[in-house]
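Asks: what shape does this take:
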Amino acid sequence: MTQAPSIDAVQQMLGEQGYVCGRALATVVFLSLRLGRPLFLEGEAGVGKTEIAKAIAAALGRRLIRLQCYEGLDAASAVYDWNFPAQMVAIRTAEAAGGADRGALQTELFSDDFLIERPLLQAMRPDPAGAPVLLIDELDRTDEPFEAFLLEALSDFQVTIPELGTIKAPEPPIVILTSNRTREVHDALKRRCLYHWVDYPDFDREMEILHARAPEAAETLSRQVVAFVQTLRTEDLFKKPGVAETIDWAKCLLALDVIDLSPEVIADTLGAILKYQDDIQKLQGSEAKRILDQAKASLEPA
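Replies: The predicted model follows:
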């Protein structure tokens with residue numbers, strides 16, 4: 001590791017990539033890099049868990065390898081696959097040529113030429129730029145057997161391909177795991193990692209993030225957007241808007257040349273911040289005006 005000799009340096013390094021984080025998150029990132037431990041980030045969707053992996057990779061000049069988890073993901077799909085169509089072509093070609101050596105053909109078929117590397121195997125390969133950043137995204141979407149496999153892979157930073165043998169990483173990748181906590185991840189895997197809960201930011205932090213990601217937004221509009229979203233998160237919603245939705249909404253308002261929030265503008269652009277019809281329905285009529293008035297009141301000096 002590491003091009004970040006201190007916690008302050010981590011904050012600066014990430015800030016240069018447009019990622020604004022507090023000292024607690026910067027501390028756990030620093031320790032993860034310094035100690036070579038996987039970093040496990042939990043939190044609601046849209047709070048910046050995935051983005052921090054991108055920011056770390058960009059800041060360190062490392063390759064970002066992303067394993068997007070989903071229900072039914074198994075070890076083979078995460079590690080490798082064989083290019084069966086190409087293998088069949090090779091077999092047919094050998095048969096057409098006649099006299100093919102069966103042993104030599106089998107060795108050729110299960111060589112690197114026909115190997116399709118999936119994210120975990122890619123992360124074990126040497127890289128001239130240094131160990132890559134391996135993002136295992138939304139781990140909570142998988143099941144316990146995959147967690148057990150992952151625990152073993154992250155313990156030794158090696159994977160086994162029956163036809164080729166064991167492949168060990170010459171330098172452990174920088175591993176970041178994320179979870180939206182749709183289910184609990186097993187304690188055994190969490191114990192292998194440094195842990196941090198990524199929460200919704202406070203008003204000042206969210207303003208910093210919006211300035212970094214949408215610098216063209218005027219100060220007045222930015223403050224209204226952040227205040228409205230912060231107030232909206234206190235409502236009883238199925239899915240509260242994350243920071244990603246704050247940024248998206250601000251960019252939508254800029255595209256519409258909006259300079260001041262109004263109930264009409266909010267009604268027209270709710271799809272940028274709320275993703276469920278039941279939530280959108282709750283903000284129809286006078287509700288949007290009530291929340292907007294509350295948000296603007298919070299901006300007035302005491």
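
Asks: element containing residue 239, please.
Replies: Using DSSP states H and E, residue 239 falls within no helix or strand.

Asks: oh, that last question was meant for residue 241, not what I typed.
Replies: Residue-wise, residue 241 maps onto no helix or strand under DSSP H and E.

Asks: give me the nearest residue to it, chain neighbours excluded.
Replies: residue 273 (4.4 Å; C-beta to C-beta, 6 or more residues apart in numbering). All C-beta atoms are positioned from the backbone trio N, CA, C, and that covers glycine.

Asks: okay, now the one you found: neighbour count?
Replies: Neighbours of residue 273 under the rule other C-beta atoms under 10 Å: 24.

Asks: so who does it touch?
Replies: 229, 232, 241, 245-246, 248-249 (C-beta atoms under 8 Å, 6 or more residues apart in numbering).

Asks: right, and the secondary structure at residue 41 would be what?
Replies: Under DSSP: H, G, I helix; E, B strand; the rest coil, residue 41 falls in the strand class.

Asks: which residue comes closest to it once chain neighbours are left out?
Replies: Nearest to residue 41 is residue 49, by C-beta to C-beta, 6+ apart, at 4.4 Å.

Asks: tell me where the stretch 151-300 of the chain has strands.
Replies: Assigned by DSSP state E, counting those that start in this stretch, the strands in the stretch 151-300 of the chain fall at 158-161, 165-168, 174-179, 194-197.

Asks: how about the ones you listed, which one is nearest residue 220?
Replies: Closest approach to residue 220 among the strands of the stretch 151-300 of the chain is made by strand 194-197 (32.3 Å; C-beta to C-beta).

Asks: of the strands of the stretch 151-300 of the chain, which stretch is the most buried?
Replies: Comparing these on average neighbours per residue, with mean count of other C-beta atoms under 10 Å, the densest one is strand 174-179 at a mean of 26.

Asks: partner strands of that one, with direction?
Replies: According to DSSP bridges, strand 174-179 forms sheet pairs with strand 39-42 (parallel), strand 133-137 (parallel).

Asks: in the shortest one, which residues are buried?
Replies: When you say that, I think you mean strand 39-42. Buried residues in strand 39-42, counted by 16 or more other C-beta atoms under 10 Å: 39-42.

Asks: using TSV, lay out the residues you listed together with distance to residue 76 and pLDDT.
Replies: Converted to TSV, the buried residues of strand 39-42 look like this (distance: C-beta to C-beta, whole Å; pLDDT from 0 to 100):
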residue	distance to residue 76	pLDDT
39	26	97
40	24	97
41	26	97
42	27	96
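
Asks: please identify the buried residues of stretch 187-207?
Replies: For stretch 187-207, a neighbour-count test (16+ other C-beta under 10 Å) marks 189-190, 193-194, 196, 198, 200-201, 205-207 as buried.

Asks: separation between residue 294 and residue 237?
Replies: 15 Å (C-beta to C-beta, to the nearest Å).

Asks: please apply the same query to residue 188.
Replies: 34 Å.

Asks: could you do residue 202 as well?
Replies: Separation of residue 202 from residue 237 (C-beta to C-beta): 19 Å.

Asks: and the end-to-end length of stretch 272-283?
Replies: Terminal residues of stretch 272-283 are spaced 13 Å apart (C-alpha to C-alpha, to the nearest Å).

Asks: with stretch 5-21 instead?
Replies: 17 Å.

Asks: which of the residues in it are buried?
Replies: Going by 16+ other C-beta under 10 Å, stretch 5-21 has these buried residues: 7, 10-11, 13-15, 17, 19-21.

Asks: quick check, distance from that stretch to the centre of its chain.
Replies: Distance of stretch 5-21 from the chain centroid (C-alpha atoms, centre = their mean, to the nearest Å) equals 17 Å.
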